[in-house]
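In: what's the 3D shape of this:
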Amino acid sequence: MPIKQKPKGPIVLQDAPVTPDLITFRDDLVQALISLKDYPSTKEEGFIRSFLAGVCAASGDDFMREAIKTGDIDQLCAKIEHRIGQIAIL
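Out: Coordinates of the predicted model:
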């Protein structure tokens, strides 16, 4: 945007609901699973969990939002795999 057209402060965004796309949601879960199984550093793991939290919030997946809070990567991976399997059936 040209400087003259840029807003001079924060922009109010519309808080419109997002309709989740199950294929994209599944792809995001698969990518997160691959990343988690690659023994991420603490910083990378935090990023992956934040990414998952946003994806699951946008998709309205409360089960996965709670699963992300677990401290154990293996348990989280098992829950992600379970959810991927459920989506594949749909």
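
In: point out where the protein drops to low pLDDT.
Out: Along the chain, segments meeting pLDDT under 70 span 1, 13-19, 90.

In: change it to 90
Out: Regions of the chain meeting the criterion pLDDT under 90 cover residues 1-21, 39-40, 57-60, 69-72, 87-90.

In: ranges for the helices of the chain?
Out: In the chain, the helices defined using DSSP state H lie at 22-36, 42-59, 62-68, 73-89.

In: what's the closest of these to residue 11?
Out: helix 42-59 (19.6 Å; Cβ to Cβ). Quick note: C-beta positions are derived from backbone N, CA and C, even for glycine.

In: now do that closest one: which elements does it pack against?
Out: Applying 3 or more Cβ pairs under 8 Å, 6 or more residues apart in numbering; DSSP states H and E, we find helix 42-59 packed against helix 22-36, helix 62-68.

In: list the buried ones in it?
Out: 48-49, 52, 55-56, 58-59 (16 or more other Cβ atoms under 10 Å).

In: list just the nearest of the residues you listed to residue 21.
Out: Among the buried residues of helix 42-59, and counting by Cβ to Cβ, the member closest to residue 21 is residue 59, at 8.7 Å.

In: OK, contacts around the nearest residue to that closest one once chain neighbours are set aside?
Out: Distance criterion Cβ to Cβ, 6 or more residues apart in numbering; nearest residue to residue 59, sequence neighbours excluded, is residue 20 at 3.9 Å. Residue 20 makes contact with 58-60 under the criterion Cβ atoms under 8 Å, 6 or more residues apart in numbering.

In: same check on residue 25?
Out: Per Cβ under 8 Å, 6+ apart, neighbours of residue 25: 55, 59, 61, 87.

In: tabulate the residues you listed in JSON lines, adding columns for distance to residue 76.
Out: Converted to JSON lines, the contacts of residue 25 look like this (distance: Cβ to Cβ, whole Å):
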{"residue": "55", "distance to residue 76": "14"}
{"residue": "59", "distance to residue 76": "16"}
{"residue": "61", "distance to residue 76": "13"}
{"residue": "87", "distance to residue 76": "16"}
